[in-house]
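Q: quick one, fold the following:
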Amino acid sequence: MNLYLQFALRYFYKKDDRSFSSNAINLAIIGLAIGVFSLLMTISVINGFEEVLSNKIIRVDGKIRLKTILGSPIKESEGLDSLIINSNSEIKIKPYIRGSAVVFKNKMTEAIILEGVDYLKDYNGIGIGGRYIKDDEIIIGNSLGNNIDLDSNEILMIAPLSDFEGNPMSLRYNKLLVKGKFKTGMDEYDKSLAYVNIKTAQKLFNMRGMVSGYIINSNGDLDFLINDLNETINYPYFLESWRDRHQIIFQWINTQKIPIIIIFGLIALVGVINILATISLMINEKSAEIAILGAQGFQKNQIRKIYLLQAGIVGLIGSLLGSFASLFCIYFQNKYKIISLPEEVYFMDSLPVSFSYSICIIVIIMTFFVSIFSGLLPTRSIFKYKVSNLLAKE
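A: Residues are numbered from 1 along each chain as shown. Down below sits the predicted model:
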């Protein structure tokens, strides 16, 4: 084993209840562990919010939507879907129709966004499972159903607003059968979004043979997919990603991310400063041992390396303990949902946390080197000692 490492580890193995430095080492490790734990938990919560929200939005809106600049309908005969499928990317595409409508039940009314699709794929996460929607059927959000006291297999009156001119008498009323409810976990969607099939939507909005656009999904990278499709798509069509549609939310998350990480990073820095104080205390307490090492031929730079390595070991142990503690808490939060959230405010019913191993490794490595760097200042005092004076004092 390396000689310097042997000396550094000696302070951990030595059992001396009267040693202030031994207690200081333990406190420095605990303080640093708390700081690293706080930093990793904060990063995990921010990443969790962004990841869960992104997945929910993609599941509802799709990754990319193709439509016209002015929002005018697209003729199915134009064959845009075939053109897109022939691009270089592996994608899935489906047409959609979107429009505004009003639903009625007794004296209650609600404005909704009505979306026509051929098939609701993998909606297990929002409570309805993959299914085809039959003609004159509608699937509504859970919050919308609660607002107007509507259950499955009831008849719902709906009036599209595409031709509305200000006179309620001009509305065309239609009857649709409520075939199910869905729950996205985002209350704004659950109370304002409903699904019908393409044919029913075309009939309601007078768009026979036309669609509002196409929903494009792919497992590939979003930026690469957009760049690839832009080589195929020309004016007056354009691509709108889920990030573009919800950029305000994610700008807010990114705005909050930097100051929060800085604040909790300062907490971790306090733990590093404790290491500085601990090394200073050890050098003062172990002055006799420093003198003995000097008398045996150790150079002052060699003695300094021992204490720098000691600072690094304290930083490494503290960061590892903080990392394991955060991983432990994240595991239990994800499994048992210990901390719950009001769904109508946060778009999710429990605190989302997503542990990033790459960030954790970066934090551990940075803490190790910062801890060594923090030991540079107190070890300068070693060069002030004269071995003869220290030995005479002893």
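Q: out of everything not next to it in sequence, what's closest to residue 319?
A: residue 367 (4.0 Å; CB to CB, 6 or more residues apart in numbering). All C-beta spots, glycine's among them, are computed from the backbone N, C-alpha and C.
Q: which residues of the stretch 51-200 of the chain fall in helices?
A: Secondary structure of the stretch 51-200 of the chain by DSSP state H, counting those that start in this stretch: the helices cover 80-85, 142-147, 187-190, 198-204.
Q: tell me the domain ranges of this protein?
A: Domain assignment for the chain by automatic domain parsing gives 3-56+249-393, 70-234.
Q: and the residue nearest to residue 319, how many residues sit next to it?
A: Neighbourhood size, residue 367 [other CB atoms under 10 Å]: 28.
Q: isn't it up against residue 36?
A: Yes. Judged on CB atoms under 8 Å, residue 367 makes contact with residue 36 at a distance of 6.3 Å.
Q: what is in contact with these two at once?
A: Counting by CB atoms under 8 Å, 6 or more residues apart in numbering, the contacts common to residue 367 and residue 36 are 268, 318, 319.
Q: and the gap between the first one and residue 354?
A: Same thing as residue 268. Counting by CB to CB, to the nearest Å, the gap from residue 268 to residue 354 is 20 Å.
Q: what about these two, which has more around it?
A: Taking neighbours as other CB under 10 Å, residue 268 and residue 354 compare with residue 268 leading, 25 against 16.
Q: I'd guessed that one sits against residue 38; true?
A: Yes. When contacts are counted by CB under 8 Å, residue 268 is listed as touching residue 38 (7.0 Å).
Q: got the contact list for residue 230?
A: residue 239.
Q: can you give me phi and psi for it?
A: Here is the backbone geometry of residue 230 (degrees, to the nearest 10): phi -60, psi -20.
Q: now it: how far from residue 244?
A: For residue 230, the distance to residue 244 (CB to CB) stands at 13 Å.
Q: ditto for residue 268
A: Distance of residue 268 to residue 244, computed by CB to CB: 36 Å.
Q: now do residue 52
A: From residue 52 over to residue 244 the distance is 20 Å, taken as CB to CB.
Q: same check on residue 8?
A: To residue 244, residue 8 is 54 Å away according to CB to CB.
Q: of the two, which one has the most company?
A: Taking other CB under 10 Å, residue 8 and residue 244 do not tie; residue 8 has more neighbours (20 against 12).
Q: for residue 50, which non-adjacent residue is spatially closest?
A: Sequence neighbours aside, residue 253 is the residue nearest to residue 50 in space, at 5.5 Å (criterion: CB to CB, 6+ apart).
Q: which SSE is the one you found in?
A: Using DSSP states H and E, residue 253 maps to helix 247-285.
Q: averaged pLDDT, the following helix or strand past that helix. What do you get?
A: With elements assigned by DSSP H and E, the helix or strand that comes after helix 247-285 is helix 287-295. Regarding helix 287-295, the rounded mean pLDDT is 72.
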